[in-house]
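Asker: Take a look and give me a structure for this.
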Amino acid sequence: MFWRLMDAKHPGYDAALAAQNASAIATFYQQIDQVLGEVLPKLDDHTTLLVLSDHGFAPYYRSFNLNTWLLNNGYIKLKSDVSADSGEPWANVDWSQTRAYGLGLNGLYVNLRGRERNGIVEPEAAAALIKELKEKLLTVKDPRAGLPVITRVDVANEVYQGPYSRSGPDLLVGYNRGYRAGWKTILGAFPPEVLEDNLNPWSGDHCMDYTLVPGVLLSNREITAQAPALTDIAPTILAEFGIAKSKDMIGESVFQSRRNLR
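Answerer: Okay, here's the model as predicted:
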């Protein structure tokens, strides 16, 4: 909520509020750093401290209305007797002619026969449609800034594993820094414009290309993992208590290689 007050380029920048609260985020980080400074001297050699964020943050300047884009590109069809932005999400969609739809902040689903109630895409045709959607989304540019709106699109069955990997979206849309799914599109509505300024007080976000908003991991012990990830945290905690991770858990202790060298 405070991002727009420290970023004069933000469409929702408010000079009067910025004069009072532009330093709110920096001040909060300084307060947390002070807390760390108080905690660290109290730890003994048998205590591990982990400080982490599961993601970073970035400005959220412009909204991309994924469902409007899908509508304009022929992947979604609406009933002929209703307007696109009538305020009744999904009620106006003609599912008998809709091949894909967006739901939530980053999810894109194929209207798959046998999975969706009114699915029309045959399973054997799904892979080609997913590939087509990915390729087209990566070419979308903001005509105002000339920047790519989407910098990463992950195919779910290539990046997820486990028994529930096929229950989520088929594609994960990774927006460029400064862009995010629009407020209405995440609920299944169809705003008139594909791209629009974000004038909402919610002015910073992280639901973007995850490589552009990396998290932070700090410890009082040496972290030897070359590229620690969120999936390593649970195995790390288990290892610190001498508990083996379960066979279906991915990730390793971020201290593992150091201990293996002993």
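
Asker: So what's the predicted local confidence for the residue nearest to Met208 when sequence neighbours are not counted?
Answerer: Distance criterion C-beta to C-beta, 6 or more residues apart in numbering; nearest residue to Met208, sequence neighbours excluded, is Tyr175 at 4.3 Å. The C-beta positions use only the backbone N, C-alpha and C, and glycine is treated the same way. At Tyr175, the predicted lDDT confidence score is 98.

Asker: Kindly report the same for Ser246.
Answerer: Per-residue confidence (pLDDT) for Ser246: 89.

Asker: Could you say which helix or strand holds it?
Answerer: Assigned by DSSP states H and E, Ser246 belongs to no helix or strand.

Asker: and it, how many neighbours?
Answerer: Using other C-beta atoms under 10 Å, Ser246 has 9 other residues around it.

Asker: and the residue nearest the centre of the chain, what is it in contact with?
Answerer: Centroid check for the chain by C-alpha atoms, centre = their mean gives Cys207 as the closest residue, at 2.9 Å. For Cys207, the contacting residues are 105-106, 175, 180-181, by C-beta atoms under 8 Å, 6 or more residues apart in numbering.

Asker: In three-state terms, label it for me.
Answerer: Three-state call for Cys207 (DSSP: H, G, I helix; E, B strand; the rest coil): coil.

Asker: The closest residue in space to it that isn't next to it in sequence: neighbouring residues, count only.
Answerer: Excluding the flanking residues, the one nearest Cys207 by C-beta to C-beta, 6+ apart is Leu105, at 4.2 Å. Here the count is done by other C-beta under 10 Å, and Leu105 has 18 residues near it.

Asker: Quick one: residues contacting Leu105.
Answerer: Taking C-beta under 8 Å, 6+ apart, we find Leu105 in contact with 180-181, 186, 207.

Asker: and of these, the nearest to Thr139?
Answerer: Ala181 (17.8 Å; C-beta to C-beta).

Asker: My read is that that closest one contacts Asn67, right?
Answerer: No: the criterion here is C-beta atoms under 8 Å, and Ala181 misses it with Asn67 at 9.2 Å.

Asker: if you count what's nearby, which of these two comes out ahead?
Answerer: Taking neighbours as other C-beta under 10 Å, Ala181 and Asn67 compare with Asn67 leading, 29 against 25.

Asker: Just the element for that one, please.
Answerer: Counting by DSSP H and E, Asn67 is part of helix 66-72.

Asker: Make TSV from the contacts of Cys207 and add distance to His10 to it.
Answerer: Listed next are those as TSV, based on distance: C-beta to C-beta, whole Å:
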residue	distance to His10
Leu105	19
Asn106	22
Tyr175	16
Arg180	13
Ala181	18
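
Asker: and the helix or strand Tyr61 falls within, average pLDDT?
Answerer: Following DSSP H and E, one finds Tyr61 within strand 58-64. If you average the pLDDT over strand 58-64, you get 97.

Asker: burial measure for Leu199, as a count.
Answerer: Here the number of neighbours of Leu199 (other C-beta under 10 Å) works out to 11.

Asker: And what about it, helix, strand or coil?
Answerer: Under three-state DSSP, the three-state class of Leu199 is coil.

Asker: any weak-confidence spans in the chain?
Answerer: Residues of the chain meeting the criterion pLDDT under 70: 81-87, 257-262.
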